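Enquirer: Structure of the sequence below:
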Amino acid sequence: MTDQSGNGGEAPQAQQAAPRFTVLAQYTKDLSFENPNAPRTLGPQQAAPNLSVQINVNARQLAPTDFEVSLMLEGGAGQGADTLFKFELNYAGVFRIENFPAEQVQPVVMIEGPRLLFPFARQIIADAVRGGSYPPLYIDPIDFHALYLQRLAAAGGQQQARPA
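Expert: Okay, the predicted model is just below:
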């Protein structure tokens, strides 16, 4: 009997499986919306309020191939006695990273994870602000690659083997 597979009857060397990046879950871990001066601040505004938004990305390894990525968004409009609203959102996802070279795992987790989570977090913030009787706040898109590079530079340019 002859082998028709063309490989001489031997199993091929272990082929490198294609890299896979899978979303296992995504969820709101914590959400806070404060409307401290309502109803006084709900009327027409004389000037555009001072808006501020801060973002932070954290990750932790749950299993050899699974990582939780947390996207933290904090911000608000106005200041002090003139605060219109404040919000804090911790939106997270669990991602499975398979068949990536070790040096690519951290960038994939810290760039692609938040990139996939951001549109959902953005919508949650917009809905919360609208629920507070203000026009929805649509946060501008974020360049997570640039944010990752800034974080590396701040850490002295040393890339860790695994996300912290």
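Enquirer: The residue most central in space within the chain in helix, strand or coil?
Expert: Residue closest to the average C-alpha location in the chain (Cα atoms, centre = their mean): Pro114, at 2.4 Å. Per DSSP: H, G, I helix; E, B strand; the rest coil, the local secondary structure of Pro114 is helix.
Enquirer: ranges for the helices of this structure?
Expert: Assigned by DSSP state H, the chain shows helices spanning 102-107, 113-131, 144-154.
Enquirer: Which pLDDT value belongs to the residue nearest to the centre of the chain?
Expert: With respect to pLDDT, Pro114 scores 97.
Enquirer: Next, the contact list for it, please.
Expert: Counting by Cβ atoms under 8 Å, 6 or more residues apart in numbering, Pro114 makes contact with 57, 69, 71, 142, 144, 147. Heads up, the C-betas are built off the backbone N, CA and C, glycines and all.
Enquirer: how near is the fourth one to Tyr134?
Expert: The gap separating Ile142 from Tyr134 is 21 Å, by Cβ to Cβ, to the nearest Å.
Enquirer: try the third one
Expert: With distances defined as Cβ to Cβ, the gap from Leu71 to Tyr134 amounts to 22 Å.
Enquirer: of these two, who's got more company?
Expert: Leu71 (26 against 18; other Cβ atoms under 10 Å).
Enquirer: Quickly list what the more buried one is bridged to.
Expert: In this entry, Leu71 is beta-bridged to Val57, Tyr91, by DSSP bridges.
Enquirer: picking that back up, columns distance to Tyr27 on top of the helices of the chain, output as JSON lines?
Expert: Shown next, in JSON lines, are those (distance: least, Cβ to Cβ, whole Å):
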{"stretch": "helix 102-107", "distance to Tyr27": "22"}
{"stretch": "helix 113-131", "distance to Tyr27": "10"}
{"stretch": "helix 144-154", "distance to Tyr27": "19"}
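Enquirer: mind checking which of the ones you listed is nearest Gln79?
Expert: helix 113-131 (16.6 Å; Cβ to Cβ).
Enquirer: how about the closest one: buried residues?
Expert: Of all the residues in helix 113-131, those buried under the rule 16 or more other Cβ atoms under 10 Å are 113-118, 121-122, 124-125, 128-129.
Enquirer: What degree of burial does the closest residue to Leu51 other than its chain neighbours show, as a neighbour count?
Expert: The shortest distance from Leu51 to any non-neighbouring residue, by Cβ to Cβ, 6 or more residues apart in numbering, is to Ala77 (5.2 Å). When neighbours are counted by other Cβ under 10 Å, Ala77 registers 22.
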